[in-house]
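> can't give you the sequence, but here's the structure:
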């Protein structure tokens with residue numbers, strides 16, 4: 001399997017594959033590349049609908065040049081635990097961030113979410129986030145406020161009364177339930193509009209259809225989240241005659 005960076009010709013083949021509606025796995029198979037390479041390439045360069053081969057190639061060259069220029073001044077990367085490959089971790093964090101951005105999350109919020117999610121402890125202080133992401137405290141504060149509003153993170157009191165921002169399994173459940181409640185609010189609003197626009201009229205019928213659709217989505221989302229939490233969300237248990245795995249240090 002070929003290694004190294006994608007060539008401009010390979011990027012053109014990726015663009016053609018996307019235009020033909022091919023899945024990432026099929027494009028990867030045709031190029032004899034890992035699927036993760038194709039996914040990362042597309043998501044960091046506009047996503048499947050906006051990917052352009054020439055633009056992607058130039059953007060990669062610019063990123064490479066900036067990285068080389070910044071290397072002497074760049075802070076030392078955190079030491080990787082468990083024998084992880086530092087470059088692979090960095091690339092995966094970039095991929096994770098880009099996928100969340102493609103789903104609609106703003107850039108800084110996606111960077112903070114990725115940083116928290118991919119930290120073994122699942123929690124960091126504001127100063128740790130500033131250091132890891134090399135951004136201002138104000139940027140972190142704004143990102144955390146947004147993520148809290150979407151129930152993606154929660155706060156914990158750490159050492160020396162410093163707050164820690166936490167992402168764990170329960171956060172995803174809480175976020176899904178918050179999404180279901182937001183959709184339910186839209187359902188109620190749409191149904192109020194039916195009366196305002198007079199039942200049976202085109203606008204009122206459209207609002208009724210919206211309400212019925214979103215009501216189904218809201219109930220299904222809440223039900224699926226509850227079922228997933230019950231079936232999949234397990235806690236570490238103490239084996240017979242043994243000890244539990246060390247818990248994550250959260251200050």
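On my side now, so go ahead. These figures come from a predicted structure and were not determined experimentally.

> Now do the domain split for this protein, please.
When the chain is parsed with automatic domain parsing, its domains come out as 8-67, 86-166, 169-232.

> closest to residue 80 out of those?
Each of those was scored for nearness to residue 80 using CB to CB, and the closest is domain 86-166 (5.0 Å). Glycine gets a C-beta too; all of them are placed from N, C-alpha and C.

> So which elements touch the helix or strand residue 231 falls within?
With elements delineated by DSSP states H and E, residue 231 resides in helix 202-232, which encompasses its position. Other helices and strands packing on helix 202-232, by 3 or more CB pairs under 8 Å, 6 or more residues apart in numbering; DSSP states H and E, are helix 169-196.

> In the helix it packs on, which residues are buried?
171-177, 179-180, 183-184, 187, 190-191, 193-194 (16 or more other CB atoms under 10 Å).

> ok now that helix, how far from the chain's centre?
The chain centre lies 21 Å from the centre of helix 169-196; the measure is CA atoms, centre = their mean, to the nearest Å.

> ditto for stretch 215-224
Per CA atoms, centre = their mean, the displacement of stretch 215-224 from the mean C-alpha position of its chain is 22 Å.

> now stretch 194-205
The answer for stretch 194-205 is 38 Å, by CA atoms, centre = their mean.

> how far does it stretch from start to finish?
Stretch 194-205 has an end-to-end distance of 7 Å (CA to CA, to the nearest Å).

> for the protein, what spans make up the strands?
123-125, 154-157, 163-166 (DSSP state E).

> Could you list the low-pLDDT ranges of the stretch 51-200 of the chain?
Across the stretch 51-200 of the chain, residues meeting the criterion (pLDDT under 70) sit at 66-79.

> circling back to that earlier point, tell me which residues of the helix holding residue 231 are tucked away?
Judged by neighbour count using 16+ other CB under 10 Å, the buried positions of helix 202-232 are 204, 207-208, 210-211, 214-215, 217-218, 221-222, 225, 229.

> Residue 198: which of those residues is nearest?
Top of the list for closeness to residue 198, among the buried residues of helix 202-232 and by CB to CB, is residue 204 at 5.6 Å.

> I'd like to know how far that closest one sits from residue 196.
Using CB to CB, to the nearest Å, one obtains 8 Å as the distance from residue 204 to residue 196.

> now do residue 101
37 Å.

> Residue 139 too?
Taking CB to CB as the measure, residue 139 and residue 196 are separated by 41 Å.

> try residue 10
The gap separating residue 10 from residue 196 is 55 Å, by CB to CB.

> so what's residue 26 up against?
If a contact means CB atoms under 8 Å, 6 or more residues apart in numbering, then residue 26 has residue 17 as its contacts.

> Once you drop chain neighbours, what's closest to residue 221?
If you skip the residues right next to it in sequence, residue 221 has residue 180 as its closest partner in space, 4.3 Å away by CB to CB, 6 or more residues apart in numbering.

> and what of residue 199?
residue 208 (7.6 Å).

> cool, and residue 57?
For residue 57, the closest residue by CB to CB, 6+ apart turns out to be residue 8, at 4.7 Å.

> Quick check: that neighbour touching residue 55?
No. Counting by CB atoms under 8 Å, residue 55 is not a contact partner of residue 8; they are 11.1 Å apart.

> ok, the residue nearest in space to the middle of the chain - contacts?
The residue at the geometric middle of the chain, judged as the C-alpha nearest the mean C-alpha position with CA atoms, centre = their mean, is residue 100 (3.4 Å). Contacts were defined as CB under 8 Å, 6+ apart; by that measure residue 100 touches 110, 113-114.
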